[in-house]
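1. sharing a model prediction with you, sequence too.
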Amino acid sequence: MAGTQIVKHGIFPKPSVKIPTAVRQASCSRGWLRILVQYTFGAITVASFIMIVMISMRSDTKEHRKNEVSSCSLQNCRIICNDTVPSLYEDVLSIVSESEVLCTRLALTFVNPYFEHETMPAQWLSNLRSSIYRLNIIRGNLRFIAPQAFMSLFAGNIEILVFEGITISNWAADMLVGLSSLQRLDIKLCNIMNVQRNSLRAVDETLKVIMFTYNGNWNPVNISGSTEMSALETVDFSFNIFNSILSNTSFTGLRNCKILYLNSCNITALGPGAFDSLDSIEDELNKEQIAILKKAFEAFDHEKKGCIGTVMVGTILGMLGHQVTDETLKEIIDEVDEDGSGELEFEEFVTLASRFMVEEDAEAMQQELKEAFRLYDKEGNGYITTGVLREILRELDDKISAEELDMMIEEIDSDGSGTVDFDEFMEVMTGGDD
């Protein structure tokens, strides 16, 4: 075995090489280098995502603002703004300023305006110029008006204020403070929920006309019964639902009022002394209204003696669009028929009817009657029979006698055809010619 060297495995130790910990951990799955790289790329990814989101949001905002184009337009010194939001108030101020070059007096209308928190804020549109004489707010989300909402320069020159189709959740006594020139207040087609006492105190020296119409069921006592208004001339409460709510406190603030309209208010009963405070009410009506009443009066004055029985008053009021209960009717008649004769002369009849008469738009009335006529003219012949008309008149007054009906039908159907066309129907229902 000469020349052969046998080396036993493991006899000679391997040389010891000391590897630094940092280098050794660099190859591990949890090494600092890999962690650093992961954190770096993660931060870059997150930053990129945030940047993309911000760019997208900015783009959306720009696009949104681009779509927020002013919807205001000027028509014959009337500015109409549709769907206005607070961010577009500057556009409103701008068009008002431009319009003042052409118009010394402007009417400003907001249709479907948006108010934050459903509230008109204090000093609303305080930068608006003072040339606005009429302000209309139609529909929209308005429910509350801050106490100092009208404490601004432009509000001090408003003469006419109109709210239409909104909800008034709370009408405080100081809601109209600042409207120092207000002469006319229109509230129509609104939901009036809570009206506090002395609600018109802020405008009691300037307000001349109050128009509260088509507002459903509400109590007028804190509008017309708590503050006496020295300049007030006309109040129109037509087409509301008062039922039996009117009492001796309902109109105590109307001592200076000359005309009060209560047309079609579904009045079922009147409290004692309901009209006692109406010291200045005038019985005068215009010529057209007098003519209508004269025609109706003569139609029921069958004996042509210049007076009608009080039992006929309910029928006539029904023909004029007023359905009243027997109790209410008796109270009104007792007040007018001072001598208790059971008959009313024409002047007394006018005094009674003037409390309910209100001038209506002729076209609107004609349209309503056309719709009613179509309901009765089921076959579309253009006429109804006198038998149908008899039923209509009987529905208006179930106490009317057959003889009285015969006399009325005879006068209406003068040619004896047994039919009534629309013109004749309208004449019957209005008491006058078409």
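-> Right, received. Where do you want to start?
2. quick one, helices of the chain?
-> Using DSSP state H, the helices of the chain run over 21-26, 32-67, 89-99, 221-224, 287-300, 313-319, 326-336, 346-353, 362-376, 386-396, 402-412, 422-430.
3. OK, contacts around S250?
-> If a contact means C-beta atoms under 8 Å, 6 or more residues apart in numbering, then S250 has 220-221, 224-225, 271, 274 as its contacts. C-betas here are computed from N, CA, C, even on glycine.
4. low-confidence stretches in this structure?
-> Confidence mapping of the chain against pLDDT under 70 gives the ranges 1-70, 282-288, 320-324, 338-339, 355-368, 395-399, 428-434.
5. domains in it, as residue ranges please.
-> 67-284, 288-353, 362-430 (automatic domain parsing).
6. separation between C72 and N127?
-> According to C-beta to C-beta, to the nearest Å, C72 stands 15 Å off from N127.
7. and for F239?
-> 38 Å.
8. from the neighbour counts alone, determine which of the two ranks first.
-> F239 (20 against 14; other C-beta atoms under 10 Å).
9. what's the burial count for the nearest residue to that one once chain neighbours are set aside?
-> Leaving aside its sequence neighbours, F239 sits nearest to Y214 (C-beta to C-beta, 6 or more residues apart in numbering; 4.7 Å). The number of residues packed near Y214 is 15, by other C-beta under 10 Å.
10. so what's Y214 up against?
-> Y214 neighbours (C-beta under 8 Å, 6+ apart): 188-189, 239-240.
11. among those residues, which one lies nearest to V162?
-> When those are compared for distance to V162 (C-beta to C-beta), K188 wins out at 7.7 Å.
12. that closest one is in contact with E164, isn't it?
-> Yes. Applying C-beta atoms under 8 Å, one finds K188 in contact with E164, separated by 5.3 Å.
13. quick one, phi/psi of A172?
-> phi -90, psi 160 (degrees, to the nearest 10).
14. any idea how far it is from Q196?
-> For A172 relative to Q196 (C-beta to C-beta), the value is 5 Å.
15. the two: which is more packed in?
-> A count of neighbours by other C-beta under 10 Å puts A172 above the other of A172 and Q196, at 17 against 14.
16. wait, A172 touches V195, no?
-> No. Taking contacts as C-beta under 8 Å, A172 lies outside contact range of V195: 9.1 Å.
17. from I138, how far off is S97?
-> Counting by C-beta to C-beta, the gap from S97 to I138 is 23 Å.
18. ditto for L108
-> The value you get for L108 to I138, if C-beta to C-beta is used, is 11 Å.
19. looking at the two, which is more packed in?
-> Counted by other C-beta under 10 Å, L108 and I138 do not tie: L108 has more neighbours, with 24 against 18.
20. and the more buried one, what does it touch?
-> 78-79, 81, 92, 96, 132, 134-136.
21. among those residues, which ones are buried?
-> Neighbour counting by 16 or more other C-beta atoms under 10 Å classes 79, 81, 92, 96, 132, 134-136 among the contacts of L108 as buried.
22. among these, name the ones in strands.
-> 79, 81, 132, 134-136 (DSSP state E).
23. for the residues you listed, which one is nearest E345?
-> R134 (43.2 Å).
24. please give me every residue in contact with that closest one.
-> 106-108, 158-162.
25. please redo it, this time with the cut-off set to 6 Å
-> 107, 160 (C-beta atoms under 6 Å, 6 or more residues apart in numbering).
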